[in-house]
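Asker: Quick one, structure for this:
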Amino acid sequence: MKPKRHFSFIGGATAIDFVNTEGLRDGKPIDLLDGPEALEEWLIAADLLAPRDVRGRLDARTLDAVRTLRAALRRIVTAMSEDKPPRRQDVGAIDAELARAPGALALTLADGKLAASFQPRGDAAKDARFVLARMAATFLAEANPQRLHLCGGARCIRFFYDTSKSGTRRWCTMSGCGNREKSAKHRAARRA
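Answerer: Predicted coordinates:
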């Protein structure tokens, strides 16, 4: 098994961090989910599944389905961030993964409040595809589209969900893209 990878969780929401497992390095596309082991590590690091529930249970077919789900989620997030409606087929891709799990709608009581929520049956709660689709669907249903942004970095394709009080976050990270953009602006101003 390869050494553990470093995953960044800077998106402000796990669904966004999932989208951000695709990125750019030196201007070239990279996929941090480059194999079933990487997907295992990410699911554990994201605290979506326990090691005992995921170790050795993922294969290339699951990875392909997860990548398809991630692509649909990226297109939906892109549309939302541009104040456009998502495509039906992208919503359908998430719905198809949700439909794989048997279960029922249940009334739950948490912190003195009632809520209706889907309760999966059997091993559905340990199924990576269902867990990711459920996480994505919950985020999309509850997210404020005005807080969803593509990083302002010139060569960055990361998204973030702005949870700041002011709602003025511009970069995926200030230490990365923010500093690069500010330095570039400063150098351009000195040249002019």
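Asker: element containing the closest residue in space to residue 109 that isn't next to it in sequence?
Answerer: Closest residue to residue 109 in three dimensions, ignoring its sequence neighbours and counting by Cβ to Cβ, 6 or more residues apart in numbering: residue 115, at 8.0 Å. Yep, even glycine has a C-beta here, placed from its N, CA and C like the rest. Assignment of secondary structure by DSSP states H and E places residue 115 within strand 113-120.
Asker: Please export the alpha-carbon coordinates of that strand; CSV is fine.
Answerer: Taking C-alpha atoms only, strand 113-120 is exported to CSV below (Å, rounded to 0.1, in the frame of the first residue of the first chain):
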residue,chain,number,x,y,z
LYS,A,113,-36.2,19.3,17.7
LEU,A,114,-38.1,17.0,15.4
ALA,A,115,-36.7,16.3,11.9
ALA,A,116,-37.5,13.9,9.1
SER,A,117,-34.5,12.0,7.9
PHE,A,118,-33.7,8.9,5.8
GLN,A,119,-32.5,6.0,7.8
PRO,A,120,-30.7,3.4,5.7
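Asker: which other residues reach that strand?
Answerer: Strand 113-120 is touched from outside by 101-109, 130, 134, with contacts defined as Cβ atoms under 8 Å, 6 or more residues apart in numbering.
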